[in-house]
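In: structure for the following, please:
(2 chains)
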Amino acid sequence: MMEQNHDWRGFQETFYPHRRSMGPSLEGKSHVYVIVEGENVVAAFCEGEDLSSWVGANLSEVSSQVQKREMIVLDRKDVDQVTSSALTLPHFYDQVELVRTTLKPIQGPKPHFPEHFLLHALASWWSKLLPSAFGVLIRVQPAADVRTKAKSKDFFILIRRGKLECFRVPDLHSLGREREDDLQAAGKYLSEKYLVPVQAASVPVAEWEEWVRGTSPWREVAKSLRAGRTRLMPFRWGTAMMIGARAYLGF
Amino acid sequence: MRALQGQTNPHPIQVLVNYWEIRPSRIGAKLDDLMRLGVTHIASFIPWQAVESDITHTLSRFLQAVSERRMTVSLIITPEMGVHFKNSGIPKDLLSKSEHLAKHHRDNTISVTLPPNAFALPSLLTQEFTKRFSGYLSKVDGVIADLVRAQPRLADALDIVLTGSFWKYYRAPEASTGESFGSVCGDFSISAAIAFRQRVDQAYQAREFADPTPAAANRWKTRALEETNRRWFEQQSEDVFRLRSTQSVRRKSTSVSLRQMELFTPEADPGFAYSSFLQLVSGGRADFARFSDLIDEASTRASHVGEQASPSYIHWSGLGGFQTLSDPEKQFLMLKALVLFSGRGGGILVSESEWFGLSPSFRSRAESIGRLMANGDLRLRDEVLYVAPHLWSGAGTLWESFVERVGNGARLVASLDYALACDSAKLLIVDPGVIITREAIQKLLEWTASGRIAVVPSSPLFTELAKAELRSALKADPLSKTPMALEMGVAYLVHAMTPSPTAPTREPGKFILYDLPEGLSMHGESSSAWRVFAGSLIMLAGIEAPCQSNDARLQAVTLSKKNGGNAVFVFNSTTNALVGELTFSSEVTVSDLASSFAPGAAEASQNSGSAAAKRFSLEVPPCGILPVAAWPAGSRTLTLQTHEKSKSEAAHVTRPTA
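Out: I've put the predicted structure just below:
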């Protein structure tokens, strides 16, 4: 496989698994996003709604149609500027992060994006305690009843100086068939390959997907760790304590 | 030249399996897995950068493995959107200098916000790009020729696909959010401006424009014709790019088949850029309705390369907003694109992860529709062709009036060759912005000689030779001597034309010249005049929509069935169940589409004893697609299937209404 250090497809599948059903309408709950040029609406977005009729309308006209919801208004020039400044960054995750952190609405609150719990934690105060460069190997285990058919899915991220440098499905084939399944061996191999310490974790798929969607997953992570359903390899007390701090102390 | 309507496409659903994403040691196993799932044909992009750095010869291993398994593969070699490779495979150095980037008509660069990284589109007109691209194509040509020389049976396993690349995406997002192809499309960078001036000078040196004196050529270069020339230039640049690309890959690998394809990636469309931006910022699900509109808009454009048709495909990359949609929404968009595009020889290109992420029952249903299209059992017919100077720019009210009236039967083309190859269309309209040369008049006369109607503006964009050609043709034809003057919104003259002995009909053709009164623009207040004019032309051509829905939210697309009657697909792109009525132009009976292809289905329908009707009520579930077979006589009342088994549990009874 050609070296592909930014495997977006794998990244999305691992960290942002998509919703299969249409789900309940978010009408009345979600924010309405509008991009304007002067007073003119250039684009409008609200999840699950067709706002195409707003394009070309006056902002004051459409504002009157939004009730019980907050409207976040962005200036087109700001949007273009922040987009073009993001182009210099190496990959989509960094580009989107830059957009989210620098974008300032001209009306309404700053957009809040539901970030993945693990990526959020790695960028939080954890980064002060963690080494300047390290890797995380996530092994998502299939459900027990299909274990005979489905294979576990591995995904590796490498963080250097607080930035996501590499994300990809790791190539473990040089370990050999038997040792590929050995989480400790896989972690060790990646550590030697990338010359960084690697924390490997094995997680059941159902729990992983539940945590992704949950609002406070760390308590569930801690419970799963204690019950032995989630495994850290190697087990480090420091890592366990950081998880515990997020789970029980809330930071 | 092959007739377009007779063309069928053996692979309307193409699963995208990118060879460079497979570990070399896993290639065989991967292909075996695909074969077990019933996939015998796949498509793969060849990223430019991958070819320049493929030291492991992954491509040759991949092709060999494909050939060994008697599978086939389409290799898409033109730079495209939605390729899971950094900068869509474009070499970084071609994007690092601002002078190498394309600019839209509002003088900004054009950013594509699709993973794995957002980047600004390069200009396809810089010398640097042209030189490097030509080198890349030669390398691909050489690699494939070497492989086929070493293993001749590889030639049967692969075809090279050339696409329209980035040309159609050179649009300003702010001008494209309402209607994607409604604005100006084109590269306005400095390199493009230089190329524009050079090409205009070169083109108007031709004898045709220097008639009666060489100084006459200057009238074609005036500022008043800037927009006309711009559109001509954009179309010409794309045509030249595609023809040169074709030549570059035909030098050595001559035994490998080469196909043209128009690939459209809705997620990368500038009209979707701000919607995509807001979706990313909010973390929500992408705008499903906008995707649905984009499919409709793209389906109205028909591209053509030289003498080859370039069937359109919708590319669902699974990298952008499409990935965030729910399964019912994805299924709706895939089926809609499949019906609209494969009905005309195109189809859908879907990433492997997206395709196999959907339920087996959905895939089986899509495949059965694909098979009908591939066998030519269902065809989407072009009824009206609108010739515009540029395929990807807005064409104004007259064109929109035809879309409103004829729906999917109206197509915008930029090539008269396409029109001549299309045997189903009865009416051809030439946009007032088209430069009319002698050759164009000859082709239009050829069109009318087949008993059809050509509608041409009395515009100042006729060359002197074109005027003379038309005058002499009208004078020579005994039927055209007494034209009929009409005024329906716009004044026009109808010249009857004698059909040629080989024409499929003995009905005379018609050459219509319409006036362009001063002050009658293509927009604003004048729009009603153009609408009336369009309506009168449709009546004159005897074109009638075979089936219409009474609810604008329910879209009815009619395809003709090879074994008689029509197939109507009713699309509900809303997230609510809709109850509506279908009105047919004549009395029909309806039946389940799938069973209508069984031997004797037509007779069974005739003998069913049910009353025929013109109107039928129906209920379509959220994101539902209801296929119906309509026979010209007899009547049946059936429960119709929807696009998901679960949805068919809801009642969707189609019954005649008073």
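In: the strands in the stretch 1-150 of chain B, which residues?
Out: Using DSSP state E, counting those that start in this stretch, the strands of the stretch 1-150 of chain B run over B:13-16, B:41-45, B:72-76, B:111-112, B:119-120.
In: need these in CSV with mean pLDDT, can you?
Out: Supplementary listing: the strands of the stretch 1-150 of chain B in CSV, determined by pLDDT from 0 to 100:
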stretch, mean pLDDT
strand B:13-16, 96
strand B:41-45, 97
strand B:72-76, 96
strand B:111-112, 95
strand B:119-120, 97
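In: distance to chain A and mean neighbour count for these - can I get that in JSON lines?
Out: (C-beta placed from N, C-alpha, C; glycine too.) Formatted as JSON lines, these follow (distance: least, C-beta to the nearest C-beta, whole Å; neighbours: other C-beta atoms under 10 Å in any protein chain shown):
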{"stretch": "strand B:13-16", "distance to chain A": "11", "mean neighbour count": "24"}
{"stretch": "strand B:41-45", "distance to chain A": "12", "mean neighbour count": "24"}
{"stretch": "strand B:72-76", "distance to chain A": "16", "mean neighbour count": "21"}
{"stretch": "strand B:111-112", "distance to chain A": "5", "mean neighbour count": "22"}
{"stretch": "strand B:119-120", "distance to chain A": "6", "mean neighbour count": "20"}
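In: dump these into JSON lines; add distance to B:Phe571 as well.
Out: JSON lines is the format used below for the strands of the stretch 1-150 of chain B (distance: least, C-beta to C-beta, whole Å):
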{"stretch": "strand B:13-16", "distance to B:Phe571": "18"}
{"stretch": "strand B:41-45", "distance to B:Phe571": "26"}
{"stretch": "strand B:72-76", "distance to B:Phe571": "28"}
{"stretch": "strand B:111-112", "distance to B:Phe571": "28"}
{"stretch": "strand B:119-120", "distance to B:Phe571": "34"}
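In: near chain B, which residues of the stretch 51-200 of chain A are found?
Out: A:52, A:55-56, A:74, A:76, A:79-80, A:83-84, A:86-87, A:89-92, A:95-96, A:99-100, A:103, A:111, A:113-114, A:171, A:173 (C-beta under 8 Å from any C-beta of the partner chain).
In: any idea of the mean pLDDT for stretch A:78-97?
Out: Here stretch A:78-97 scores 94 as its mean pLDDT.
In: got the buried residues for that stretch?
Out: Residues of stretch A:78-97 classed as buried by neighbour count (16 or more other C-beta atoms under 10 Å in any protein chain shown): A:79-80, A:82-83, A:86-87, A:89-97.
In: again with stretch B:355-369
Out: If you call a residue buried by 16+ other C-beta under 10 Å, then stretch B:355-369 has these buried ones: B:355, B:357-358, B:362-363, B:365-366, B:369.
In: and for it, what's in contact with it?
Out: With contact meaning C-beta atoms under 8 Å, 6 or more residues apart in numbering or on different chains, stretch B:355-369 is reached by B:13, B:15, B:37, B:327, B:330-331, B:334-335, B:338-339, B:342, B:378, B:594, B:627, B:643-645.
In: if we can go back for a sec, inside helices: which ones of the residues of the stretch 51-200 of chain A next to chain B?
Out: Within these, residues falling in helices by DSSP state H are A:76, A:79-80, A:83-84, A:86, A:92, A:95-96, A:99-100.
In: the contacts of stretch B:355-369, buried ones only, as a PyMOL selection?
Out: Here is the PyMOL selection string for the buried members of those, based on 16+ other C-beta under 10 Å:
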select buried, chain B and resi 13+15+327+330+331+334+335+338+339+342+378+627+643+644
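In: tell me where the stretch 1-150 of chain A has strands.
Out: According to DSSP E, counting those that start in this stretch, the strands that the stretch 1-150 of chain A contains are A:32-37, A:40-45, A:71-75, A:133-141.
In: can you add mean pLDDT and mean neighbour count and give the ones you listed back as JSON lines?
Out: Below are the strands of the stretch 1-150 of chain A laid out as JSON lines (pLDDT from 0 to 100; neighbours: other C-beta atoms under 10 Å in any protein chain shown):
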{"stretch": "strand A:32-37", "mean pLDDT": "95", "mean neighbour count": "23"}
{"stretch": "strand A:40-45", "mean pLDDT": "94", "mean neighbour count": "24"}
{"stretch": "strand A:71-75", "mean pLDDT": "95", "mean neighbour count": "21"}
{"stretch": "strand A:133-141", "mean pLDDT": "96", "mean neighbour count": "20"}
